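# output the structure for:
(one chain, ligands or ions: 1)
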Amino acid sequence: KTQCPKPPQNKDLTRILHPLRCIWQAMALLPILEYPDPRLKKVAAPVTSFTPDLVRLVRDMAETMYAAPGVGLAATQVDVHKRVIVIDVSETKDDLLVLVNPEIVAAEGEAECEEGCLSVPGYYDKVTRAARITVRARNERGEPIERTAEGLLAVCIQHEMDHLIGKMFVDYLSPLKRARLAARQRKKQRLAG
Ligand code: NI
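Sure thing, here's the model as predicted:
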């Protein structure tokens with residue numbers, strides 16, 4: 001097993017400018033569903049046409065992810081049940097990867113990495129996944145993409161693709177850990193009213 005490497009510590013001007021860019025653009029932040037919302041278990045349908053609505057969805061998902069802040073977001077998490085994910089694992093937050101209808105065509109090795117999820121705020125735990133994957137997809141304009149990834153990017157792609165089949169990283173945990181987490185979430189939701 002290999003450890004998941006830390007993202008590059010590259011201090012770049014774009015990182016400083018990013019919050020400003022967000023204010024300049026019309027913000028359209030989407031509400032994120034929280035575990036154990038049953039809508040997170042829905043299976044997403046493939047995208048069949050590449051329309052301006054899809055481009056808008058991808059833009060809103062990216063803004064929502066950056067604002068959270070997070071490194072990945074699946075359409076399922078914003079209650080849109082289409083096979084669309086956005087990812088940016090770069091330190092500078094300027095390397096957006098859009099995967100529409102993603103399919104993993106090769107996977108090898110095993111790596112354990114601590115994961116978190118915007119749908120389970122404040123909770124992190126270790127999950128074992130393939131260390132290196134090749135994914136085939138399209139971008140929001142319908143152009144084909146093929147990427148081979150390892151480290152944090154490989155973890156993130158697998159984590160987000162799981163959302164599209166209604167699966168969450170906490171589903172890999174022991175029943176005891178899941179029960180504790182569900183109790184914690186119920187308490188939190190009670191406190192929130
Ligand atoms: Ni997630």
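# can you name every helix or strand that the top helix by length along the chain contacts?
Counting residues, the longest helix in the chain under DSSP state H turns out to be helix 175-192. With contacts taken as 3 or more C-beta pairs under 8 Å, 6 or more residues apart in numbering; DSSP states H and E, helix 175-192 sits against no other helix or strand. To be clear about C-beta, it is placed using only N, CA and C from the backbone, and glycine gets the same treatment.
# average pLDDT for it?
This predicted structure assigns helix 175-192 an average pLDDT of 90.
# hang on, G72 packs against Y66?
No: in terms of C-beta atoms under 8 Å, G72 does not count as a neighbour of Y66; the distance is 11.1 Å.
# looking at these two, which is more packed in?
Ranked by neighbour count (other C-beta atoms under 10 Å), G72 and Y66 place G72 first, with 26 against 21.
# what's opposite that one in the beta bridge?
For G72, the beta-bridge assignment (DSSP bridges) gives partners I87.
# contacting residues for it?
With contact set as C-beta atoms under 8 Å, 6 or more residues apart in numbering, G72 has these partners: 65, 85-89, 156-157, 159-160.
# which of the residues you listed tops the neighbour count?
I85 (30 neighbours).
# can you check which residues contact both of G72 and Y66?
Going by C-beta under 8 Å, 6+ apart, residues that sit against G72 and also against Y66 are D88.
# out of the contacts of G72, which are inside strands?
In this view, the contacts of G72 that belong to strands under DSSP state E are 85-87.
# now, which of the residues you listed sits nearest L29?
V86 (13.3 Å; C-beta to C-beta).
# average pLDDT for the helix or strand harbouring C113?
For C113, the enclosing helix or strand under DSSP states H and E is strand 111-115. Strand 111-115 shows an average pLDDT of 96 in the prediction.
# buried sites along that strand?
With burial defined by 16 or more other C-beta atoms under 10 Å, the residues of strand 111-115 counted as buried are 111, 113, 115.
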